[in-house]
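[1] What follows is a predicted structure for the sequence shown.
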Amino acid sequence: MRITSWNCLHGQSLNPADSATFSSVAPTLGSDVLALQEIDMNLARSGDQNQIREIADSIAAPDWGFAPALKGTPGFSWRKLTKNEKRVITKNDASDNEYYGIGIASKIPVKNWLRLELGKSLIGLPLLIANEKGKVAPFYVKDEPRVAIAAVLENGWTVINTHLSFVPIVNIYQLLKITRWAKIIERDYFTRVIIVGDFNLPWGIPSKLTQWKRATKTRSYPSWKPAISFDYILINASELKKCEEVIYPQISISDHRPIGIDLT
């Protein structure tokens, strides 16, 4: 089973001269389970597409789930979800609402979809945003609601996907909340769990602060000249020997490179 995690920047290309599209790149990853962060549903900036459905179709994945983090477009106009809005949208749901969030496309049948609310930081931060020329500039960025989505697979594994806050300490709190949730899922669903996503934590911090082990070592950001990794695939230590890291080349889409493992 190949598991891939990718902060895909809603399919945005960093090279307008490159004809590669989000749905044409996805099949080249060879994923059985593809976990995506920063994806859109029905937003104008990405062509009003249901991106996770389009990606699932492109890789012939029969199951997909989308966890909206907010309604609207981050950085512009958005609001948090109301209590009546669906927390996980799947192939069985029709939705014309405009959302932004995270999702999973799976070739392996999904038995259950789960969601965890992680909250958000009350403050933003000035972030150094890089461009494809390698130059950075500071921008003040407000935090947004953070969530995790879990796909309980038919083969005995569960993949948790998340995109944590960029605010220090807040993202550590969110990570620890997910690891506690993972243990509950293992107990309640008799499954083995893998945690993936963009954690916004450098230097291998997630595996230093938890009992979960890092299954990938590749630097993934920025995509054109990776110098650091905010992206992780975490697994129980007893399962680590079953993992072989997949190294992906530079892709013109997104400021993050995908990361992946083959799990035997």
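    Cool, got the structure. Numbering: from 1, shown residues only.
[2] ok, which stretches of the stretch 101-250 of the chain are strands?
    Taking DSSP state E, counting those that start in this stretch, the strands of the stretch 101-250 of the chain run over residues 110-119, 125-130, 136-141, 146-153, 157-163, 192-198, 213-214, 231-235, 243-246.
[3] Can you say which of these is nearest to V33?
    strand 157-163 (5.3 Å; Cβ to Cβ). C-betas here are computed from N, CA, C, even on glycine.
[4] Show me what that closest one pairs with in its sheet, parallel or antiparallel.
    strand 146-153 (antiparallel), strand 192-198 (parallel) (DSSP bridges).
[5] Distance to W113, mean neighbour count and mean pLDDT added to these, as a markdown table?
    Below are those laid out as a markdown table (distance: least, Cβ to Cβ, whole Å; neighbours: other Cβ atoms under 10 Å; pLDDT from 0 to 100):
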| stretch | distance to W113 | mean neighbour count | mean pLDDT |
| --- | --- | --- | --- |
| strand 146-153 | 6 | 25 | 99 |
| strand 192-198 | 14 | 26 | 99 |
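[6] returning to that earlier point: how about the strands of the stretch 101-250 of the chain in CSV, adding distance to N171?
    Formatted as CSV, these follow (distance: least, Cβ to Cβ, whole Å):
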stretch, distance to N171
strand 110-119, 9
strand 125-130, 11
strand 136-141, 14
strand 146-153, 8
strand 157-163, 10
strand 192-198, 10
strand 213-214, 16
strand 231-235, 12
strand 243-246, 23
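[7] Between those strands, which one is closest to L29.
    Smallest distance to L29 across the strands of the stretch 101-250 of the chain (Cβ to Cβ): 8.3 Å, for strand 243-246.
[8] contact partners of that closest one?
    2, 4, 30, 215-218, 233, 235, 259-264 (Cβ atoms under 8 Å, 6 or more residues apart in numbering).
[9] again, 7 Å this time
    If you take Cβ atoms under 7 Å, 6 or more residues apart in numbering as the criterion, strand 243-246 is touched by 2, 215-218, 235, 260-263.
[10] Ok, stretch 64-77 next?
    Counting by Cβ under 7 Å, 6+ apart, 41, 43, 45, 52-53, 56, 78-81, 87-91, 97-105, 110, 113, 115, 144-147, 149, 151 sit against stretch 64-77.
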